[in-house]
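A.B. asks: let me see the structure of the following:
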Amino acid sequence: MKLTGRGLLDVVIYGATGFVGRQVAGYFAAHAPPGVRWAVAGRSREKLEGLCERLGKSDIGVFVADANDSRALDAMVTQTRVVLSTAGPFALFGSALVAACARHGAHYVDTTGETPWVRRMIDLHHQEAAAGGTRIVPCCGFDSVPSDLGAWLVARTLREEHGQRCASVKACFSMRAGLNGGTAASLMNLFEGGDRAQFENPFLLNPEGTLPDDVSAHRDPLGAVHDADFGAWLAPFVMGPVNTRVVRRSVALLAGARMYADDFHYQEYLRIGRGAAAAVAAGSVAVGMALGRSALARAPLRRWAQRFIPAPGEGPSERTMDEGSFRCELIGIGERGGIARGRIAGRGDPGNRATTTFVCESALALVVDGKRLPGGDTFGGVLTPSVAFGAVLAERLRATGMTVEPSTD
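C.D. replies: Predicted structure coming up:
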């Protein structure tokens, strides 16, 4: 596809024929504001054109570009303002696309939770993107918008209503969710690629020189705990090793805003419930997660596990996704004891329905609300959702019907 006479596209959806990609394209077909010009992209023209036909959008553009074809990616990226990618595993299919966006000044959002890959993108492209005012924003799905935006909102409330910097935030998740093949493939590739040691680094995504003296105090929780503030037994949260790294990068990038205390702590958990049965269940979840990580580190067990998970392009049924839900509750403590509570919640499967909403509204924020985004038109780099979008994304999510609290807008 080559544009003639009408200027740049606003958004290109890359990986549009994958499981999440199809939902993203459907979201744009239903919710893109009038005048927003968008297109779909991937490896197969036949599949892309079939998707457009099913969406009733035969007039939108189609780009055919293999993930490792730099020339095709350059041709695509130079014709759009924003690239939205759902093509995982990103460690296999995302690097050349991010490089093209940084090189040509196209903003970028994606749905990855592959933090070792994000670390490589930071090392390769942060300075170039910052110099060019290009926002490269990974982790704009359920990994890690509720955690990152929620912690930012709580910290902002402590500053604006209590006049205190935020000393700590803890988050507690409840959810009903399914698993899609792309997420499963990304997890398997993480262990296949030997990135496990990096994955377990609590400050993997932090800029150089921003680590605390005592890193061990920030290690991921391993056991069950009873938390009086949440009034429940909690277990380690499977996505905690992703979300906590993103939040800590946000804190480091926002050091000049003085929202967070110098010794800020962030941690998150899975809510199990109350009573003796919940205590046993929380302990079982903790043990099961530890055994699962150990098993996936072994190639024969990974091959065995792949027999029971969805293949790439597959995922939960429409009914399962519609019946899903999530809730992220947050408690922030100020440096002088002030307290702020937050909540981000929504209906629909978090890894699919909510992820679609998060990443689409992030892309649309770049298109529609560019002048209102934090830092202004020239701000860029490999950023996090809260640093890149801040209150603008919170507003957009509320407008979709999600609960996003606190609100001091």
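A.B. asks: identify the residues contacting stretch 274-291?
C.D. replies: For stretch 274-291, contacts defined as CB atoms under 8 Å, 6 or more residues apart in numbering pick out 222-226, 231-236, 238, 270, 272-273. Bear in mind the C-beta positions are built from the backbone N, C-alpha and C, glycine included.
A.B. asks: and it, how far out from the chain's middle?
C.D. replies: 27 Å (CA atoms, centre = their mean, to the nearest Å).
A.B. asks: can you select the buried ones among the contacts of stretch 274-291 for me in ChimeraX?
C.D. replies: Only the buried entries of the contacts of stretch 274-291 go into this ChimeraX selection, using 16 or more other CB atoms under 10 Å:
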select :224,232,233,234,235,236,270,272
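A.B. asks: among the contacts of stretch 274-291, which one lies nearest to Thr157?
C.D. replies: Using CB to CB, Gly231 is the member of the contacts of stretch 274-291 that sits closest to Thr157, with 21.2 Å.
A.B. asks: can you tell me how far the closest one is from Val280?
C.D. replies: For Gly231, the distance to Val280 equals 18 Å [CB to CB, to the nearest Å].
A.B. asks: now Ala72, what are its backbone angles?
C.D. replies: Dihedral pair for Ala72: phi -70, psi -40, per degrees, to the nearest 10.
A.B. asks: next one: the nearest residue to it once chain neighbours are set aside, what pLDDT does it get?
C.D. replies: Using CB to CB, 6 or more residues apart in numbering and skipping the chain neighbours, the partner closest in space to Ala72 is Ala65 (3.8 Å). Looking at Ala65, its pLDDT is 97.
A.B. asks: in what helix or strand does the residue lying closest to Pro374 once chain neighbours are set aside lie?
C.D. replies: Leaving out its chain neighbours, the residue that sits closest to Pro374 by CB to CB, 6+ apart is Gly390, at 4.5 Å. Using DSSP states H and E, Gly390 falls within helix 385-399.
A.B. asks: other residues contacting that helix?
C.D. replies: Under CB under 8 Å, 6+ apart, the answer for helix 385-399 is 135, 137, 139-140, 144-145, 148-149, 151-153, 246, 250, 253-254, 344, 357-358, 361-362, 364-365, 369, 372-374, 404, 407, 409.
A.B. asks: do that again at 7 Å, thanks
C.D. replies: Identification of contacts with helix 385-399 by CB atoms under 7 Å, 6 or more residues apart in numbering yields 135, 137, 139-140, 144-145, 148-149, 152-153, 250, 253-254, 361-362, 364-365, 369, 372-374, 404, 409.
A.B. asks: one more: stretch 157-169?
C.D. replies: 151, 154-155, 258-261, 264-266, 330-336, 338, 340, 406, 408.
A.B. asks: one more time with 6 Å, if that's ok
C.D. replies: 151, 154-155, 259-261, 265-266, 330, 332-336, 338, 340, 406, 408 (CB atoms under 6 Å, 6 or more residues apart in numbering).
A.B. asks: would you mind giving me the PyMOL syntax to select the buried ones in the residues you listed?
C.D. replies: In PyMOL, this line selects whichever of the contacts of stretch 157-169 come out buried by 16+ other CB under 10 Å:
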select buried, resi 151+154+155+259+260+261+265+266+330+332+333+334+335+338+340+406
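A.B. asks: of the contacts of helix 385-399, grab the buried ones for PyMOL.
C.D. replies: Applying 16+ other CB under 10 Å to those, the buried members can be selected in PyMOL as follows:
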select buried, resi 135+137+139+140+144+145+148+149+152+153+250+253+254+361+362+364+365+369+373+374+404
